[in-house]
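> I'd like to go over a predicted model; first the sequence, then the structure.
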Amino acid sequence: MNPQQPLIQFYQQHHGWLRAWLQRRLGHAGDAADFAHDTYLRVIESRQVLEDIREPRAFLTTVARRVMVSHLRRREVERAYLDALAHRPECLAPSPEERAIVLETLLEIDRVLDGLPAKVRQAFLWAQLDGLSYAQIAERLGVSLSSVKQYMARAVRQCYFPQGAP
């Protein structure tokens, strides 16, 4: 038996339903097709044993929702970056290649920091992007200096070990 056969069957059985479900939510056939494609890519990347899935449509809607949220987050990060660039003089504008690299870096940082509590994420960003001292961060967040140190340690661990810090 072809090792891809379970995936092929899963796709054949549920792809039409998934596209229709996405189209109802998105209102656009092209977007629905793109998100269905990305959903199946995530299914493949997850290495989920497809025969073990008891509720395939519930599983697919969960994955599809994550794909849509990820897409919206990407759009927000991209918009914020482009807004920041709009305030710079044109002579300092990065090349298209530099913009692409920075955007991918920002998206990766966003992905890595996503699982952190808001105060931890905010403390890290203020320290790294705005150059605030720990004391300034503690004052802004209304927490102790030792809390900021713990937040920073947690954020740094998350950056080095994004799949679950030891």
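Yes, it's here. Residues are numbered from 1 along each chain as shown.
> what about the chain, any weak spots by pLDDT?
1, 163-166 (pLDDT under 70).
> look through it and tell me its longest helix.
Criterion DSSP state H: the longest helix present in the chain is helix 56-86.
> packing partners for that helix?
Helices and strands touching helix 56-86, by 3 or more C-beta pairs under 8 Å, 6 or more residues apart in numbering; DSSP states H and E, are helix 5-26, helix 29-46, helix 96-113. To be clear about C-beta, it is placed using only N, CA and C from the backbone, and glycine gets the same treatment.
> got these as TSV, with distance to residue 157 columns?
TSV is the format used below for the helices and strands packed on helix 56-86 (distance: least, C-beta to C-beta, whole Å):
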stretch	distance to residue 157
helix 5-26	35
helix 29-46	24
helix 96-113	11
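> could those helices be laid out in CSV, adding mean neighbour count and distance to residue 123?
As requested, the helices and strands packed on helix 56-86 are exported to CSV (neighbours: other C-beta atoms under 10 Å; distance: least, C-beta to C-beta, whole Å):
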stretch, mean neighbour count, distance to residue 123
helix 5-26, 15, 36
helix 29-46, 16, 31
helix 96-113, 13, 11
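> and the ones you listed: which comes nearest residue 60?
Closest to residue 60 of the helices and strands packed on helix 56-86 is helix 5-26 (C-beta to C-beta; 5.2 Å).
> what sits up against that closest one?
2, 29, 31-33, 35-36, 39-40, 43-44, 50-51, 56-57, 60-61, 64, 68 (C-beta atoms under 8 Å, 6 or more residues apart in numbering).
> same question for stretch 126-146.
Counting by C-beta under 8 Å, 6+ apart, 119, 122-123, 147-149, 151-152 sit against stretch 126-146.
> PyMOL command for the buried members of those?
Selecting just the buried residues from the contacts of stretch 126-146 in PyMOL takes one command, with 16 or more other C-beta atoms under 10 Å as the test:
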select buried, resi 122+123+147+148+151+152
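> need the contacts of stretch 126-146 in CSV (columns: distance to residue 91 and secondary structure).
Shown next, in CSV, are these (distance: C-beta to C-beta, whole Å; DSSP: H, G, I helix; E, B strand; the rest coil):
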residue, distance to residue 91, secondary structure
119, 38, helix
122, 32, helix
123, 34, helix
147, 42, helix
148, 38, helix
149, 40, helix
151, 38, helix
152, 35, helix
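> how far does the longest helix of the chain sit from the chain's center?
7 Å (C-alpha atoms, centre = their mean, to the nearest Å).
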